[in-house]
Structure formats: C-alpha cells, structure tokens
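> Sequence plus predicted model, see below.
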Amino acid sequence: MERVAVVTGAAQGIGRRTAEVLAAEGYAVAVFDLQQVTGLGDALVVTGDVTDAADVDRLATAVLERFGRVDALVNNAGIAYIAPAEATPLDHWRRVLEVNLTGPFLLSQVLGRHMLAQGSGAIVNIASVAGLRGVADRAAYNASKHGLVGLTRTLAAEWGGRGVRVNAVCPGWVKTDMDDVSQSAGAYGDADITEHVPLGRFAQPEDVAQAVAYLADPARSGFVNGVTLSVDGGWDADGSWQSLRLAARDR
C-alpha cells in the first residue's frame, strides 16, 4: 500500500527538500503552499494559506479524493520577524503566531481526524532551536516555536494511544532563503552561527529532511512519540562560553 505524505511550505527550502526525500522513499506526496509549487513530478499541488480553515479543508478534500488516506503530515510552513520585543507591532506578532502555530494546529486537527479514523499516522512539526531556547529579537518567532513544541507534546499524549505519533524536529540555523533575508537585513553573519555550532557549519535542508523521513516512518521510529529532535549541530547542547567553544576545536 502506497503511503501518502502532506508537506506544507514546500515551494522552497526545508519543505521542498522534505517533499523530494519523501517522494524518493516511495510516498505519494501532496504539497501545500501560498506559492505555486512546480517541479515535483506527480505530487498533488494545492495552493492555499495554512491559517485559513477553508483552505485547509480544501487541501484535505483534495488529498482524500486523490489518495484516499494520509499517513504523514509535515507542518513546515513558517515565517520569522526580527525586531526587539518592545518594537514588535501587534499585527506582525499575530501573523507569526497564526502561521507558525495556528496553521499546524489546523492541519493537525483536520488531517489528524483522518489518521485517527484509520488508526495510524505520523505528524512531524518543524519547530526550531528557538522553540527550546530564547533568542533575542525574535519574541514572536520564539513564542510560536515554543508553542509548537507544546502542541507536539500534547497531541502526542492525546493521540499516541490511538495510533497517531506526533513529534517535532528542532533545526538550528539552516541555509535557506529565510536565512538569506535575515542576513541581508544585517541580523547576523555566517560566523555568528558557525562559531557557535560545535559541528562548525549551518544545517542544510537535507539534514532536516532526513530527520523528518525518520520520524515519519513507523518502521524506523514506531516507538518514538512526543520528542523534540534537535538537528542543530550541537547548538542546544553546548553551554560553553565563546573562547572555550572555539578553543575546543583546536586541541
């Protein structure tokens, strides 16, 4: 039986690579994005907004009409806003939480009902190291990702006994278009990231996609439920101060 995966935010970056990896592993793939997604072969492409309940219902209808089931949902669509908390406009705060937290809730609720009815499925939420730690000038983003980790754990507790596993991947900084935009605005440079990460590099979309594929596959992760899998090169684990962190690489 062909497995079916739905990936949001699949026009570029992590979402696109995740869709490609899952397709290569034999999934029938449906992708959902505000932008038109092209170049993904036989993928079902639905254009819409993860925060719009009618769009989410339309996605679910299209997936079930074409495939009759859904086995994996990857809640990847997300946005960032970088500004001091005291200077963050309320409309930006609300939009970040809508996309990064309400969207995954809606997708999980609508598609999760079908997984629960069939007694199996996996949901993988793309959270962030910012869902585990505070990062200055990202109040809305951090709050949304902390909330997504909380949602992941709650759904895992509610749905695990009914056959639906829910986990989160927490990437560190990933080389994507979002990173390009942040760097072009002067938020940070490459060295700010690579000097902090014990592995000494950014993540690539491939790193995250492979972690998603693992968590989606019941053959490999069938007893993994409610976890936050850090894919950050050791960022969250390293409590060193900067001179010690860099000195450790030269020994």
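Received it, and whenever you're ready, just let me know what you need. Keep in mind that this is a model prediction, so the values were computed, not measured.

> Look at residue 128 and say how many residues are nearby.
If you count neighbours by other Cβ atoms under 10 Å, residue 128 ends up with 29. C-beta: built from backbone N, CA, C; applies to glycine.

> Give the closest residue to it in space, chain neighbours not counted.
Counting by Cβ to Cβ, 6 or more residues apart in numbering, residue 128 lies nearest to residue 145, which is 4.4 Å off, once chain neighbours are set aside.

> okay, now residue 32: neighbour count?
By other Cβ under 10 Å, the residues close to residue 32 number 33.

> my guess is it meets residue 49, correct?
No: checked against Cβ atoms under 8 Å, the pair residue 32 and residue 49 is beyond contact range at 9.2 Å.

> picking that back up, now for the helix or strand containing the residue nearest to residue 128, which elements pack on it?
Under the criterion of DSSP states H and E, residue 145 resides in helix 139-159. Packing partners of helix 139-159 (3 or more Cβ pairs under 8 Å, 6 or more residues apart in numbering; DSSP states H and E): helix 90-97, helix 103-118, strand 121-126, strand 164-171.

> what about residue 32, is that helix, strand or coil?
Counting by DSSP: H, G, I helix; E, B strand; the rest coil, the backbone at residue 32 sits in strand.

> swap in the one 10 residues further on?
On the three-state scheme (three-state DSSP), residue 42 is labelled coil.

> Same question for residue 244.
Per three-state DSSP, residue 244 ends up helix.

> what bits of the stretch 51-200 of the chain have low per-residue confidence?
For the stretch 51-200 of the chain, no stretch has pLDDT under 70.

> Give the residues shared as contacts by residue 32 and residue 49.
With contacts taken as Cβ atoms under 8 Å, 6 or more residues apart in numbering, residue 32 and residue 49 have no neighbour in common.

> how about stretch 189-208: buried residues?
By neighbour count with 16 or more other Cβ atoms under 10 Å, stretch 189-208 contains the buried residues 193, 196, 197, 202, 203, 205, 207, 208.

> Then stretch 43-62?
By neighbour count on 16+ other Cβ under 10 Å, the buried set for stretch 43-62 is 43-46, 48-51, 55-56, 59-60, 62.

> Kindly report the same for stretch 137-152.
Buried residues in stretch 137-152 (16+ other Cβ under 10 Å): 138-149, 151-152.

> Let me see the ranges of the strands in the stretch 151-251 of the chain.
Ranges of strands within the stretch 151-251 of the chain are 164-171, 228-231, based on DSSP state E, counting those that start in this stretch.

> Just name the most buried of these.
Of all those, strand 164-171 has the most neighbours on average by mean count of other Cβ atoms under 10 Å, namely a mean of 26.

> How far away from the center of its chain is that one?
Relative to the centre of its chain, strand 164-171 is centred 8 Å away, using Cα atoms, centre = their mean, to the nearest Å.

> Return the list of helices and strands in contact with it.
Here strand 164-171 touches helix 103-118, strand 121-126, helix 139-159, helix 205-216, helix 218-221, strand 228-231, going by 3+ Cβ pairs under 8 Å, 6+ apart.
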